[in-house]
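*Asks:* Sequence and predicted structure below; questions after.
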Amino acid sequence: MLLVKNITKYYGNNRAVSNLSFTVNDGEIFGLLGENGAGKTTTFRIIMGLIEASSGDVLLDGKKIDYNLTDKIGFVTEERSLLTKLTVIEQLKYYGVLKGLDERVIEKEIDKWLNRFEITSYKNRKIKELSKGNQQKIQFISAIINHPKLLILDESFTGLDPINVKMMKDAIYDLQKEGCSIIFSSHQMEHIEDFCEKLIILVKGHPVVSGDLNQIKEDFGIKNIMLRGNDLPLEKIKKVNGVISVSNVRGEVEVKIESKEVAPKVFNLVKNSNITKYDLVEPTLNEIFIAKVGGVHE
Amino acid sequence: MNKKFWYLTKVSLKKKVNSKSFVITNIILAIAIILLLNLNSIITFFGGDFGSDTNIIVIDNNTNTYQLLKQNIKSLTDTTEDMVNLNVTLSNNTLTKEKESLKDNEIVIVLNNSSSDYITAKVISKEKIDTLTYQVLSQALNSTKSALGMSINNIDPTILSKISSPVEIDRVVLSNTNTIDENMDLIMSSVFPTVILPFFMLTIFLIQMVGGEICEEKTTRSMEIIISNISPKMHLLSKILASNIFVILQGLLLIIYAVIGFLISTNMLKDGLSLPSEVTSIFDSLVETGFIDKLIYVIPLTLVLIILSFIAYSVVAGILASMTVNMEDFSQLQTPLILVSLAGYYLSMMAGMFNGSILIRILSYVPFLSSFISPSLFMMGEIGLIDIIISIVILIGFIYLLLHFGIKVYKVGILNYSNEKVWNKFFKAFKSKDV
């Protein structure tokens, strides 16, 4: 279990992270979101022990993170952290040994993972000769080759096609089953919604939203009603108290409401129309992100 | 941690040794050094006017020294290793007739009697005579004149030899730096720059290698993964160790190439291990001047100084590389360091010209310069062994301080990807207590 307790980090007078706390339990996938420069990379660096927090603690299984514990952490950075002049096998061995693994163990793991990601034929190719997607796979393998206790994924799906995204997601779910705590960061909200049970949204180093994803959606209040049908009384719907907006989205009418209590009022207006769809849906994470992050900016 | 350190060192070293550039560079270096040491043989092989026969036509106007001159010319041409080939013949023709029929490869020497100078000579050729041939003819004529003079004045050749031999000087210096020979300055100014040149080249090589590797890991962002598993201190030390082993290996290879080139040039590979007379005579003169005795002390101490200097240069190169964001920045930042080593190289050469210079002596204790200057000053007798040992102690202290304060900068630098307020960041890191 990873425990991040009240961490704050200053760079000179600039506060990069402010009083951040969260817990990632074993076998849990946790989302860390924020716009560029929100403090995600600083948080990851603090967790990895690359930099020290100005205050606060980071504990993995109750222990302060040191070089013995970082052997049990996997880290996929936003940029491809690969030595491009090395071959695939040299690169994976290099990171494997740095994580304290024996070379023979690494070789077995390399064969297993290259086979799983269908890139065995690239084993002796130089990293720089690989496509971006395959480089991303190598970076992912290098992070999980040690069967980490904690895995940090920072934009790990960048450059991957849907098939390879699925392949990587399956591998992540397998690690989750092994009890690995996973922190996932991405600007692609659909991946976060797919994966994460809990999340935090950072704005300028400060957490503005945190907790269980369903609860966050519930607490957000604003819901969407998706309508499809003929003769919908759109003007009447717009005048209902609690309706924020009415718009057309991909051939359907999206009615944005302030809370779920407004939904029955809308239903009463449309129930006598010729409707083929009435669906009360949760707001997307994207909407929540824009509302929260944009709101702070305003 | 130890296992990771040795692995990082091993991979770093292996990457350098297995690189195509290393193999290609060494092939070129080996060929270049061997060719350079055999340049004489190569030039001779391709031929030219320098080795062709020249006919010396002697018109002896009653001096009766033709045979003597011929003998002198022969003995002198034998010492030129086929660089000069002269066929001497006596002519009964007149000078006018010889001039009319003179060819490009012919030289006419007219010997005349002289009441004041025993003999005079006139040397006639169609074109300019090459320097070596002229020297042979000139010396042969001088020797002929001497022999003629001795014969006319009834002087015993052994007496003349004693008169003309140089005075035997028993040189005594009362200071503690004894066994001084003033010839040493000459030897130092010609031999030492050649000996120290590979060290200078390897130093530049080392600076670029350490910096290049750290820059590469920084720009590819691999540094974040590496540093999360091994401390910045261990990381820097592994780079320093690998690069130093590499340059020492490269230095040894240069020596091997030079030895092979030397063996080929002296035909020792074919004729067995016996040194040619020229080499043994140089060696003998070096023994006489006390050069070899000094080398016994100076070689181990110089090696220690060189290795410590390599370490100091690589620590600074590593720290500078950590402060840069890309390879271009590092190329700029390394320039002062290269200039310092260049200054050391020039000062070691100038030590022979400015005998007793206080400035050069003070600079011989300064880290980065000491490895260039100290050995040359010691060979010239300007400093003693204790001064070299002081330079070594200063250098060790300097490396300790470099590592102690530099690691703080390195730790901050390797994770810094911005040029904004960069010096502020490093100055703060320098002052911080955290290592």
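*Replies:* Looks like it arrived, so ask away. Here the structure is a predicted model, which is why all the values come from computation and not from measurement.
*Asks:* From here on, just use CA atoms for contacts and neighbour counts.
*Replies:* Fine.
*Asks:* Select the longest helix from chain A.
*Replies:* helix A:162-177 (DSSP state H).
*Asks:* Mind listing residues that contact it?
*Replies:* A:Asp26, A:Gly27, A:Glu28, A:Ile29, A:Phe117, A:Lys137, A:His147, A:Phe157, A:Ile182 (C-alpha atoms under 8 Å, 6 or more residues apart in numbering or on different chains).
*Asks:* Need the three-state assignment for the last one.
*Replies:* What it means is A:Ile182. Judged by DSSP: H, G, I helix; E, B strand; the rest coil, the three-state class of A:Ile182 is strand.
*Asks:* Strands of chain A, start to end?
*Replies:* Using DSSP state E, the strands of chain A run over A:2-11, A:14-24, A:29-34, A:55-60, A:63-64, A:73-76, A:150-154, A:181-185, A:198-203, A:206-212, A:223-230, A:243-249, A:252-257, A:274-281.
*Asks:* Just send the ones you listed back as CSV, with mean neighbour count and mean pLDDT too.
*Replies:* Formatted as CSV, the strands of chain A follow (neighbours: other C-alpha atoms under 10 Å in any protein chain shown; pLDDT from 0 to 100):
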stretch, mean neighbour count, mean pLDDT
strand A:2-11, 18, 92
strand A:14-24, 18, 91
strand A:29-34, 26, 92
strand A:55-60, 19, 93
strand A:63-64, 13, 90
strand A:73-76, 25, 93
strand A:150-154, 25, 94
strand A:181-185, 26, 94
strand A:198-203, 24, 91
strand A:206-212, 18, 89
strand A:223-230, 19, 86
strand A:243-249, 15, 88
strand A:252-257, 21, 90
strand A:274-281, 14, 87
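*Asks:* Just give the closest residue to the residue in the stretch 101-250 of chain B that chain A sits nearest to, not the sequence neighbours.
*Replies:* When scored by C-alpha to the nearest C-alpha, the stretch 101-250 of chain B has B:Ser222 as its residue closest to chain A, at 4.1 Å. The shortest distance from B:Ser222 to any non-neighbouring residue, by C-alpha to C-alpha, 6 or more residues apart in numbering or on different chains, is to A:Ser81 (4.1 Å).
*Asks:* Also B:Met223?
*Replies:* B:Glu217 (5.2 Å).
*Asks:* One more: B:Tyr257?
*Replies:* Excluding its sequence neighbours, the residue lying closest to B:Tyr257 (C-alpha to C-alpha, 6+ apart) is B:Ala30, at 5.3 Å.
*Asks:* which of the residues in the host helix or strand of the one you found are buried?
*Replies:* For B:Ala30, the host element (DSSP states H and E) is helix B:20-37. Neighbour counts over helix B:20-37 (16 or more other C-alpha atoms under 10 Å in any protein chain shown) mark B:Asn26, B:Leu29, B:Ala30, B:Ile33, B:Ile34, B:Leu35, B:Leu37 as buried.
*Asks:* what packs against that helix?
*Replies:* Applying 3 or more C-alpha pairs under 8 Å, 6 or more residues apart in numbering or on different chains; DSSP states H and E, we find helix B:20-37 packed against helix B:232-265.
*Asks:* circling back to that earlier point, can you redo the buried residues of helix B:20-37 as TSV with pLDDT?
*Replies:* Formatted as TSV, these follow (pLDDT from 0 to 100):
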residue	pLDDT
B:Asn26	93
B:Leu29	92
B:Ala30	93
B:Ile33	90
B:Ile34	89
B:Leu35	89
B:Leu37	83
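*Asks:* sorry, back to before: averaged pLDDT, whichever strand or helix holds the residue nearest to B:Met223. What do you get?
*Replies:* Per DSSP H and E: B:Glu217 is located in helix B:183-219. Helix B:183-219 shows a mean pLDDT of 81.
*Asks:* Report the next helix or strand after that helix in sequence order.
*Replies:* According to DSSP H and E, the helix or strand after helix B:183-219 is helix B:222-229.
*Asks:* For chain A, see how far away B:Thr266 is.
*Replies:* Separation of B:Thr266 from chain A (C-alpha to the nearest C-alpha, to the nearest Å): 43 Å.
*Asks:* Could you check how many residues crowd around that residue?
*Replies:* Using other C-alpha atoms under 10 Å in any protein chain shown, B:Thr266 is surrounded by 19 other residues.
*Asks:* Close to chain A: what parts of chain B are there?
*Replies:* B:4, B:7, B:11, B:216-217, B:220-231 (C-alpha under 8 Å from any C-alpha of the partner chain).
*Asks:* one more time with 7 Å, if that's ok
*Replies:* B:Lys4, B:Glu217, B:Thr220, B:Arg221, B:Ser222, B:Ile227, B:Ser228, B:Asn229, B:Ile230 (C-alpha under 7 Å from any C-alpha of the partner chain).
*Asks:* just checking, the second one touches B:Ile226?
*Replies:* So that's B:Glu217. No - counting by C-alpha atoms under 7 Å, B:Glu217 sits too far from B:Ile226 to count as a contact (8.8 Å).
*Asks:* overlap in contacts of the two?
*Replies:* Counting by C-alpha atoms under 7 Å, 6 or more residues apart in numbering or on different chains, B:Glu217 and B:Ile226 have no common neighbour.
*Asks:* on that earlier part again, just the angle between the helix holding B:Ala30 and helix B:232-265, please?
*Replies:* For helix B:20-37 against helix B:232-265, the angle by axes from the mean of the first three to the mean of the last three C-alpha atoms, to 10 degrees is 30 degrees.
*Asks:* contacts for helix B:20-37?
*Replies:* Contacts for helix B:20-37 (C-alpha under 7 Å, 6+ apart): B:Lys16, B:Tyr257, B:Ala258, B:Ile260, B:Gly261, B:Phe262, B:Ser265.
*Asks:* before we move on, what about stretch B:109-119?
*Replies:* Contacts of stretch B:109-119 (C-alpha under 7 Å, 6+ apart): B:57-61, B:63, B:120-124, B:145, B:149.
*Asks:* picking that back up, tell me how far the residue of the stretch 101-250 of chain B closest to chain A lies from A:Lys137.
*Replies:* 15 Å (C-alpha to C-alpha, to the nearest Å).
*Asks:* do A:Asp231 as well
*Replies:* 51 Å.
*Asks:* Same drill for the two, tell me which one is more crowded.
*Replies:* Using other C-alpha under 10 Å, the more surrounded residue of A:Asp231 and A:Lys137 is A:Lys137, with 25 against 11.
*Asks:* The more buried one and A:Ile73: what is the separation?
*Replies:* Relative to A:Ile73, and taking C-alpha to C-alpha, A:Lys137 is found at 17 Å.
*Asks:* Equivalent analysis for B:Thr63, please.
*Replies:* From B:Thr63 over to A:Ile73 the distance is 102 Å, taken as C-alpha to C-alpha.
*Asks:* Give me the neighbour count for A:Asp66.
*Replies:* Neighbours around A:Asp66, by other C-alpha under 10 Å: 18.
*Asks:* which residues does the residue nearest to B:Ser222 contact?
*Replies:* B:Thr220, B:Arg221, B:Ser222.
*Asks:* try 8 Å this time
*Replies:* So A:Ser81 contacts A:Gln139, B:Thr220, B:Arg221, B:Ser222, B:Met223, B:Glu224, B:Ile225 (C-alpha under 8 Å, 6+ apart).
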